[in-house]
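# Here is the input, now give the coordinates:
(chains A, B, C and D)
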Protein chains: 2
Amino acid sequence: MQQQRVRVTPQDDTVAANFRAVIEGHGGRWTRERLAILQVIREMRGHFLPEEVEQRLRKRGHRISLTTVYRNLPLLVEAGIVRRACVSEEKRGGGSSYEHIFGQEHHDHLICAHCGLRVEFSYPAIDVLQEAVAQSYGFKLERHHLELIGCCPDCQKRACRTRRREAT
Amino acid sequence: MQQQRVRVTPQDDTVAANFRAVIEGHGGRWTRERLAILQVIREMRGHFLPEEVEQRLRKRGHRISLTTVYRNLPLLVEAGIVRRACVSEEKRGGGSSYEHIFGQEHHDHLICAHCGLRVEFSYPAIDVLQEAVAQSYGFKLERHHLELIGCCPDCQKRACRTRRREAT
DNA sequence: TTTCATGCAAATACTTTGCATAAGC
DNA sequence: GCTTATGCAAAGTATTTGCATGAAA
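Residues are numbered from 1 along each chain as shown, chains lettered A, B, ... in the order given. Next up, the predicted model:
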């Protein structure tokens, strides 16, 4: 609770500007609540639930309703600041999680299907090929999302033999 | 409604066997409902909702409850026959969709962020690199999931200028 | 001031659970 | 026969919506 201060980075202005641009594009307004939500989300690392955003806001002294968080998340997605996380990355069950992406180093995920371990990595060579694929279909690539799902070293050691499946 | 017949493929036995193996691994039983669900799902192309499975079952004369579909979906996932689709692939809002994967040619998706167009592709060279990444982290790769999100040719022509964002 | 955002409560939508009955093994 | 699966209804969550009030522009 002693690191209340906002971590200011060079992208700060850009991020806020993106958000504002989206909001104004919808004929919307720049409110204190939106600023607060943006700030809190910018500090988020990894995946988060809408409810966690609300809790963090509360810890910082803001009293912003969960409804408002819900209402703004789509705008943040549209602004490219967060994305909805893939279900296979989720614990299971309930709500959809989001991930803060803008201004973060882009990364993809290695996920252990057995223990749930998530490792972030980035591998430029793959990015290059992705660009090639997109071009061959005439797409202009904006972003991508890659998950490699397998068995992590520990689970392998653990003689982790789950369902064997004779994949084609 | 005239193509009621099951599209039998060489993998039929394997698919059913995988499903049965998972079921039996849980001390479960092989029921007519499970067979019917499996058959219907095997005919599914693209993404589908639990509710769509139930509707198709009904069209085929089965009267299997949505609850049962829900109860079996996790087993089908465990058997590697379907996977939960990524949220960013969904229309929006509501439920989680699934995708039939086993026995299907593996493919990834190119998704247009503007009109929602989804194109399937496969690109072996990327797969090779993914394997390399996994190995470098000691992971044994089981499957992967890649989405390339961008602007499709049509939307580009349409001078589709949505939110411009100065990605880092 | 005019319009949009917010908060609260109510409504929805999706998914899970409890229990009696039917069905595998 | 013993145990698990199913169907139905009820319960739970997650998310959205309606409306009065407060806040931007």
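# what bits of chain A have low per-residue confidence?
Along chain A, the model assigns pLDDT under 70 to residues A:1-12, A:86-94, A:159-168.
# go again using 90 as the cut-off
By pLDDT under 90, the weakly predicted segments of chain A are A:1-14, A:45-47, A:80, A:83-124, A:127, A:142-147, A:149-152, A:154-168.
# now the strands for it?
Applying DSSP state E to chain A gives strands spanning A:47-48, A:82-84, A:98-100, A:108-112, A:118-121, A:140-151.
# Okay, now the sheet partners of the longest one, with direction.
Partner strands for strand A:140-151, per DSSP bridges, with pairing direction: strand A:108-112 (parallel), strand B:140-151 (antiparallel).
# quick check, distance from the last one to the centre of its chain.
With Cα atoms, centre = their mean, to the nearest Å as the basis, strand B:140-151 stands 13 Å off its chain's centre.
# got it, and stretch A:76-84?
Worked out by Cα atoms, centre = their mean, stretch A:76-84 lies 8 Å from the chain centre.
# Contacts only, for the residue nearest the centre of chain A.
Taking Cα atoms, centre = their mean, the centroid of chain A lies closest to residue A:99, which sits 1.6 Å from it. Residues counted as contacts of residue A:99 (Cβ atoms under 8 Å, 6 or more residues apart in numbering or on different chains) are A:44, A:46-48, A:82-83, A:85. (C-beta placed from N, C-alpha, C; glycine too.)
# Beta-bridge partners for it, please?
Here residue A:99 sits in beta bridges with residue A:47, residue A:83, going by DSSP bridges.
# ok so, going back, tell me which of the strands paired with strand A:140-151 lies nearest to residue A:13.
Judged by Cβ to Cβ, the one of the strands paired with strand A:140-151 that comes nearest to residue A:13 is strand B:140-151, at 24.9 Å.
# Kindly export the closest one (C-alpha atoms) in PDB.
Coordinates of each C-alpha in strand B:140-151 appear next as PDB, following Å, rounded to 0.1, in the frame of the first residue of the first chain:
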ATOM      1  CA  LYS B 140       7.000 -30.800 -24.600                       C
ATOM      2  CA  LEU B 141       4.600 -29.200 -27.000                       C
ATOM      3  CA  GLU B 142       1.200 -30.700 -27.300                       C
ATOM      4  CA  ARG B 143      -0.700 -28.200 -29.300                       C
ATOM      5  CA  HIS B 144      -0.800 -24.500 -30.000                       C
ATOM      6  CA  HIS B 145      -3.100 -21.800 -30.800                       C
ATOM      7  CA  LEU B 146      -2.400 -18.900 -33.000                       C
ATOM      8  CA  GLU B 147      -4.500 -15.900 -34.000                       C
ATOM      9  CA  LEU B 148      -3.300 -13.200 -36.300                       C
ATOM     10  CA  ILE B 149      -5.500 -10.200 -35.900                       C
ATOM     11  CA  GLY B 150      -5.600  -7.500 -38.500                       C
ATOM     12  CA  CYS B 151      -7.400  -5.800 -41.300                       C
END
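# got the contact list for residue A:146?
A:108-109, A:126, B:130, B:144-147.
# try it again with 10 Å
Residue A:146 sits next to A:86, A:107-110, A:121-123, A:126-127, A:130, B:108, B:126, B:130, B:133, B:144-148 when contact means Cβ atoms under 10 Å, 6 or more residues apart in numbering or on different chains.
# Any of the residues you listed buried? List them.
Among those, those classed as buried by 16 or more other Cβ atoms under 10 Å in any protein chain shown are A:86, A:108-110, A:121, A:123, A:126-127, A:130, B:108, B:126, B:130, B:133, B:144-148.
# from the residues you listed, which are also near DNA strand C?
Applying Cβ under 7 Å from any atom of the strand, the subset of the buried ones among the contacts of residue A:146 adjacent to DNA strand C is empty.
# and residue A:105, how many neighbours?
8 (other Cβ atoms under 10 Å in any protein chain shown).
# surely it meets residue A:45?
No: contact criterion Cβ atoms under 10 Å: residue A:105 and residue A:45 do not qualify, at 11.3 Å.
# isn't residue A:116 right up against residue A:154?
No: contact between residue A:116 and residue A:154 fails when scored by Cβ under 10 Å: they sit 11.5 Å apart.
# Contact residues of chain A facing DNA strand C?
Residues of chain A lying close to DNA strand C (Cβ under 7 Å from any atom of the strand) are A:23, A:26-29, A:31, A:33-34, A:63-65, A:67-68, A:71-72, A:93.
# Tell me which residues touch residue A:45, please.
Counting by Cβ under 10 Å, 6+ apart, the residues that residue A:45 touches are A:99-100, A:104.
# Export the residues you listed to JSON lines and append columns for distance to residue B:18.
Shown next, in JSON lines, are those (distance: Cβ to Cβ, whole Å):
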{"residue": "A:99", "distance to residue B:18": "32"}
{"residue": "A:100", "distance to residue B:18": "38"}
{"residue": "A:104", "distance to residue B:18": "38"}
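# With that, I have no additional questions.
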